[in-house]
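Chemist: I'll drop the sequence and a predicted model, then ask my questions.
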Amino acid sequence: MKITILIGALFTMAAVAVPGTDSLKRSFKDVAVAVNGSLTHVLAPCVECPCDGWDGPCHCVPNGCCCT
C-alpha cells in the first residue's frame, strides 16, 4: 500500500514538473517570401529577444522577433 502511494506520488510530481511541449503564447513574425515571382506573406515562428529587466533595451538574437 505504501509503495503504491509512493510510486503514484513520484509519477504525479514528474507530470507536474515537466513543462508542456507546445507553448500557447508562441511568437510569430510576418515574413515576405518570393514564390514564382510574387511575394507571399507567411507567419514564421521566432525566438523572444532577451531584455534587460522590465524597462531595459532588448538585444537581438538569431531568428528573434525583435530583429528587423
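Modeler: Thanks, I have the structure now.

Chemist: okay, CA-based contacts and neighbour counts for the rest of this
Modeler: Will do.

Chemist: any idea how far the closest residue to His41 other than its chain neighbours is from Cys66?
Modeler: Sequence neighbours aside, Ala32 is the residue nearest to His41 in space, at 4.5 Å (criterion: CA to CA, 6 or more residues apart in numbering). Going from Ala32 to Cys66 by CA to CA, to the nearest Å gives 16 Å.

Chemist: Comparing those two, which residue is more hemmed in?
Modeler: Cys66 (16 against 13; other CA atoms under 10 Å).

Chemist: quick one, what contacts the more buried one?
Modeler: 48-49, 58, 60 (CA atoms under 8 Å, 6 or more residues apart in numbering).

Chemist: Surely Ile7 is in a helix?
Modeler: Yes - per DSSP: H, G, I helix; E, B strand; the rest coil, Ile7 lies within a helix segment.

Chemist: Any figure for the gap between it and Val47?
Modeler: 38 Å.

Chemist: Give me the more crowded residue out of the two.
Modeler: Val47 (17 against 11).

Chemist: What count of nearby residues applies to Glu48?
Modeler: 19.

Chemist: circling back: for the contacts of Cys66, which entry has the maximal number of neighbours?
Modeler: Neighbour max across the contacts of Cys66 (other CA under 10 Å) = Glu48, 19 neighbours.

Chemist: looking at it, that residue is touching Lys29, isn't it?
Modeler: No - applying CA atoms under 8 Å as the test, Glu48 and Lys29 come out as separate, 10.7 Å apart.
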